[in-house]
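In: pasting the sequence and the predicted model now:
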Amino acid sequence: MSKYMVNLKINNTPIQVEEGTTILDAAKRLNFRIPTLCNHPDLSVAGNCRVCVVEVKGARLLAASCATPVSEGMEVNTNSEKVRIARKHVLELLLSEHNADCTKCFKNGHCELQELASEYRYGDHIFIDLVKAKDKILDISSPSITRDASKCIRCQRCVRTCTELQAVSALAVVHKGDHQIISTFLNKPLNDVVCTNCGQCINRCPTGALYERNYIEDVWHAIYDPNKFVVVETAPATRVALGEDLGLEPGHRVTGKMVSALRKMGFNKVLDTDFTADLTIMEEGTELLTRLKRALVDKDETVKLPLLTSCSPGWVKFQEHMFPDLIDNLSSCKSPQQMFGALAKTYYADKVNIKAENMVVVSIMPCTAKKFECNRSEMRDSGFKDVDYVLTTRELAMMIKQAGIEFDKLEDESYDSILGESTGAAVIFGTTGGVMEAALRTAYEIITGNEVPFTNLNIQPVRGMEGVKEASIKIKNTKPEWNFLEGVELNVAVAHGLANAKQLMELVQSGKSNYHFIEVMGCPGGCIGGGGQPIPTSAEIRKRRAEAIYAEDMGKTIRKSHENPEVAEVYKEYLTHPLGHKSHELLHTHYKVRKRY
Amino acid sequence: MTNTEALIHELIEKHGKNRNALMPVLQGVVAREKFLSEDTMIAVARELDLSAADVYGTASFYTFLDTKPRGRNIIRVCKTISCHMQGKEAIIRAIEDHLLIKVGETTHDNKFTLLTANCLGWCHKGPVMLVNDEVFPSITPEKVIEIIEEFAKKTN
């Protein structure tokens, strides 16, 4: 059915758009950019910042273009004198409450308010500076997220993100009028409330009110220390997004350049979290098969199914807060980041003849929750802090710039070995559905000896940006030792973004689902849309990053985790076999129930 | 189950178990307990499947949904311009001197909390005072002490 079309004029240019389109979107189609602050493509309309006001002929008041749908015969002016004056006042008012210490701000150069201020060049201060008069909170309690209320313009993007995308609502609008702030329950520190550290609020904050706790100086310090052997690992999703902060288009793959830059910065070894992603598949795949065997053969009723993935630390903490009754369904596997750290300071340290206490493990992650994860008390199985510092993709981009490296001119380089080799299955961990696809590629082959029955190994049903995806694979022609799975329909589901995860967990809780295995990633789109990725983010940007991930997978000669030769070597030399004694010691963990309230 | 939890259950029974019930439930608790404690807000959030921050956000928006401990009777003197011109300062001073508390404080016996309020809509009969839900228009420093003493007698 065709939708009703509306004719209007914007800046005297006629345009026809679908009914329900906002003035903002209609103007965009005519390439008239209207400034926005509270508006975000991933979120509901708020219309509270008023910076997008436009003049509509015949209307008494200016209209917020993000919140006003077009109507037949409408005549809009996006740049009249009235509009300019109003916008100037709106910006001035916002700035009068904004701690504009831009040169010292972590978001300097990445701030939407700063950009607008610079665009409009308003030099005079016509309103009283209210920053000093207010009792502002600087919350540094979280190892992941810093919250500086003196920078907040109360656009509420973070509140909408936390509620609409993540179903957490750790942040809310509290008090009213000139006392209104964005805060937590009873203004408690972020680390003491239900915050999952996913960092999605950071991705959408237009100012420096929310940003990652950064460890840039600590990492430089370790690099400069001649007594430290600094090892760096890079997550799958960083290689398809880092370029965005260094002048490249979204979807640009920069794996080789990133490796080269890390080496030039002075890291002793440049290794890959993708290696431990492959290792995760070996451990988690085996865990799944073991649980299935216990359920189907041993008729063990205590076995917890569906198995839930545990790679995403934001998701893990969400589960600990929100669904403590399903906590034993989480795979005991540590995330690839933490598996890497535990192996680096044991097996690898021996291998390169470095004392573990002199080794510093730095990980480059698309994630802010990883910063929290590496600080968990369970993550010290090497006898030391397994991963010392976590840097976001954004922090790495800053360090590359600080080092004076001209990123786009770098030659591609390869990861060091060992713990540097990886497969296409590991790369796709970076996008929603990837862990599931990687696990199925390996598990199916272990069970049947045959490749998973999808063209080019591409398991399409678990790909794409739908909130919750499902797939069923019928297991046929099993090997003798797996004959209890003959004819079994393996049911899997995939969710990304915690609001979708919540919906899926409620279904599991109700007992109405028949899934065996569920992948959940805390962030929309999976790690490619992680809280540590370059800003801005949108569905389009995430789609392009995901495409880059799948292109990277197709470009790999080995595309199944169990065929990673370095993984085989580590099992042979050190771990013996999946779920073996050493694996249990180093690669697996447990979870704790946390209070929702 | 504590008394408050029982009250919350009773209120949810009456108003429903959805987000729309939040306001009447909070009002119901305040009507009896005069304020919303941390535990109360958590209990309401849990019962209505909301985040605690959400409940706090709503409570902190409304002046009459207090989140600080209050006495068993809450006196609110209108502080807006009409009542100001008709002598609200003298009223406040009289109450402060009589109860030995300042605005914002609660008496040691927990019988009274003294607050100010924005316009109560009785500008034609100022100064005006609210004790709990009861309005007292055209008050004088003398009359106000009598009213407070009446409430003191009723509150054991």
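Out: Alright, I've got the coordinates.
In: switch to C-alpha atoms for all contacts and neighbour counts from now on
Out: Will do.
In: and A:Glu519, that's in a strand?
Out: Yes: assessed by DSSP: H, G, I helix; E, B strand; the rest coil, A:Glu519 belongs to a strand.
In: pretty sure it contacts A:Gly497?
Out: No: counting by C-alpha atoms under 8 Å, A:Gly497 is not a contact partner of A:Glu519; they are 11.3 Å apart.
In: ok, and the closest non-adjacent residue to A:Val390?
Out: A:Ser363 (4.8 Å; C-alpha to C-alpha, 6 or more residues apart in numbering or on different chains).
In: give me the three-state assignment for the one you found.
Out: Once three-state DSSP is applied, A:Ser363 turns out strand.
In: residues contacting it?
Out: A:Ser363 is in contact with A:Val232, A:Glu233, A:Thr234, A:Ala235, A:Gln337, A:Val387, A:Tyr389, A:Val390, A:Leu391, counting by C-alpha atoms under 8 Å, 6 or more residues apart in numbering or on different chains.
In: what is the neighbour count of the fifth one?
Out: Neighbouring residues of A:Gln337 were enumerated by other C-alpha atoms under 10 Å in any protein chain shown; the total is 30.
In: just the element for it, please.
Out: helix A:336-343 (DSSP states H and E).
In: outside of that helix, which residues touch it?
Out: Residues outside helix A:336-343 that contact it (C-alpha under 8 Å, 6+ apart): A:233, A:235, A:273-274, A:276-277, A:279-280, A:311, A:361, A:363, A:374, A:379-382, A:386-387, A:586-587.
In: so after it, what's the next helix or strand?
Out: helix A:349-351.
In: and the closest residue to A:Ile10 other than its chain neighbours, how far is that from chain B?
Out: Distance criterion C-alpha to C-alpha, 6+ apart; nearest residue to A:Ile10, sequence neighbours excluded, is A:Val76 at 4.7 Å. Separation of A:Val76 from chain B (C-alpha to the nearest C-alpha, to the nearest Å): 36 Å.
In: got it, and A:Ile364?
Out: Taking C-alpha to the nearest C-alpha, one finds A:Ile364 at 32 Å from chain B.
In: tell me, how many residues neighbour that residue?
Out: Residue neighbour count, defined by other C-alpha under 10 Å, stands at 26 for A:Ile364.
In: ok, it - contacts?
Out: Contacts for A:Ile364 (C-alpha under 8 Å, 6+ apart) come out as A:Val232, A:Glu233, A:Thr234, A:Ala235, A:Thr238, A:Val390, A:Leu391, A:Thr392, A:Thr393, A:Leu396.
In: surely the second one touches A:Thr276?
Out: No: in this structure, A:Glu233 sits apart from A:Thr276 without contact. The criterion is C-alpha under 8 Å, and the distance is 9.8 Å.
In: going along the chain, name the helices of chain B.
Out: In chain B, the helices defined using DSSP state H lie at B:3-15, B:22-33, B:38-48, B:52-61, B:81-85, B:88-99, B:141-154.
In: please work out the angle formed by the directions of the second one and helix B:3-15.
Out: If you take axes from the mean of the first three to the mean of the last three C-alpha atoms, to 10 degrees, helix B:22-33 sits at 140 degrees to helix B:3-15.
In: for helix B:22-33, give me every contacting residue.
Out: With C-alpha under 8 Å, 6+ apart as the test, helix B:22-33 has contacts from B:4, B:7-8, B:11-12, B:15, B:35-36, B:44, B:48, B:55, B:58-59, B:65-66, B:72.
In: please repeat the previous calculation with a cut-off of 7 Å.
Out: B:Ile8, B:Leu11, B:Ile12, B:Leu36, B:Leu65 (C-alpha atoms under 7 Å, 6 or more residues apart in numbering or on different chains).
In: can you check the last one too?
Out: Applying C-alpha under 7 Å, 6+ apart, the external contacts of helix B:141-154 come out as B:Ala90, B:Ile91, B:Ala94, B:Ile95, B:Lys111.
In: return the distance of the first one relative to B:Gln27.
Out: Taking C-alpha to C-alpha, to the nearest Å as the criterion, B:Ala90 is separated from B:Gln27 by 31 Å.
In: give me the more crowded residue out of the two.
Out: Applying other C-alpha under 10 Å to B:Ala90 and B:Gln27 shows that B:Gln27 carries more neighbours, namely 19 against 14.
In: what about the more buried one, distance to chain A?
Out: Distance, B:Gln27 to chain A, using C-alpha to the nearest C-alpha: 17 Å.
In: ok, back up a step: which among the contacts of A:Ile364 gets closest to chain B?
Out: For the contacts of A:Ile364, the residue nearest chain B by C-alpha to the nearest C-alpha is A:Thr392; the value is 27.6 Å.
In: tell me the backbone dihedrals of that closest one, please.
Out: Dihedral pair for A:Thr392: phi -80, psi 170, per degrees, to the nearest 10.
In: pretty sure it sits against A:Cys367.
Out: Yes: A:Thr392 lies in contact with A:Cys367 (C-alpha atoms under 7 Å); the separation is 6.0 Å.
In: show residues contacting stretch A:380-396.
Out: A:215-216, A:238, A:242, A:245, A:338, A:341-342, A:345-346, A:360-368, A:370-371, A:374, A:379, A:532-534, A:585-586.
In: list the buried residues of that stretch.
Out: Within stretch A:380-396, the residues that count as buried by 16 or more other C-alpha atoms under 10 Å in any protein chain shown are A:380-382, A:384-396.
In: appreciated, that's everything.
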